[in-house]
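*Asks:* missing the sequence, but the structure's below:
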């Protein structure tokens, strides 16, 4: 399905997408606190100049189980994929991210990027992140990365020294952490609505 030659979403099966020459697929996911989710996305870039952007925020503050599994197949020349998922886990939540990018033989001039950042707020929360690249072509630009950390104590101290309460300082850090993902939402109105939902959910996590 093509919308003004820019966006395409033609599922062969739930979570499966085929993106043709010059077409673009944008997907955004928001996992609310309290939700168990198993997100599986497979994208085939089958024509020259095809591109996909995957982005997501997950906020897991209790005993949730969240699994995100993405597979991107670059099957033609000059295709682009960009993935950014940021999440926050606390309580006894268990989060896993598995991302696989495959660049097929002959898929030259591929650009593929994949990043997964996580903040863990409790000792019992668990995060497992495994980005993976498989490259069988030349002349490509590909990178992947993952981090698992905690809130920045120096930033919190700085804000508290200027009269910001501890809880509010943590909220502001968490909002700042997910903000780059929200910027991926192209529609300004939808971006604003989602940002408000994310802030409300973050405040309920603390």
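*Replies:* Everything's here; your move. Just so it is clear, the structure is predicted and the values come from calculations on it, not from any experiment.
*Asks:* Quick check: which ranges of the chain have low pLDDT?
*Replies:* Within the chain, the stretches with pLDDT under 70 are 1-14.
*Asks:* For it, which segments count as strands?
*Replies:* Applying DSSP state E to the chain gives strands spanning 2-3, 7-8, 11-13, 16-19, 24-31, 37-45, 51-60, 65-74, 80-89, 94-103, 111-120, 126-135, 141-149.
*Asks:* Out of those strands, which gets nearest to residue 160?
*Replies:* For the strands of the chain, the distance to residue 160 is smallest for strand 111-120, at 18.4 Å, taking C-beta to C-beta. (Glycine included, C-beta is placed from N, CA and C.)
*Asks:* centroid residue for this structure?
*Replies:* In the chain, the centroid-proximal residue (C-alpha atoms, centre = their mean) is residue 85; its distance is 1.9 Å.
*Asks:* how close does that one sit to residue 129?
*Replies:* Here the criterion is C-beta to C-beta, to the nearest Å. By it, residue 85 lies 9 Å from residue 129.
*Asks:* and for the two, which residues touch both?
*Replies:* Taking C-beta atoms under 8 Å, 6 or more residues apart in numbering as the criterion, residue 85 and residue 129 both touch 97, 116.
*Asks:* who's in contact with residue 164?
*Replies:* Residues counted as contacts of residue 164 (C-beta under 8 Å, 6+ apart) are residue 172.
*Asks:* any idea how far it lies from residue 204?
*Replies:* When residue 164 is compared with residue 204 (using C-beta to C-beta), they lie 19 Å apart.
*Asks:* Please apply the same query to residue 27.
*Replies:* Separation of residue 27 from residue 204 (C-beta to C-beta): 25 Å.
*Asks:* Can you name the residues that contact the nearest residue to residue 87 once chain neighbours are set aside?
*Replies:* Leaving aside its chain neighbours, residue 87 sits nearest to residue 58 (3.9 Å; criterion: C-beta to C-beta, 6 or more residues apart in numbering). Residues in contact with residue 58 (C-beta under 8 Å, 6+ apart) are 29, 30, 31, 37, 66, 68, 85, 87, 88, 95.
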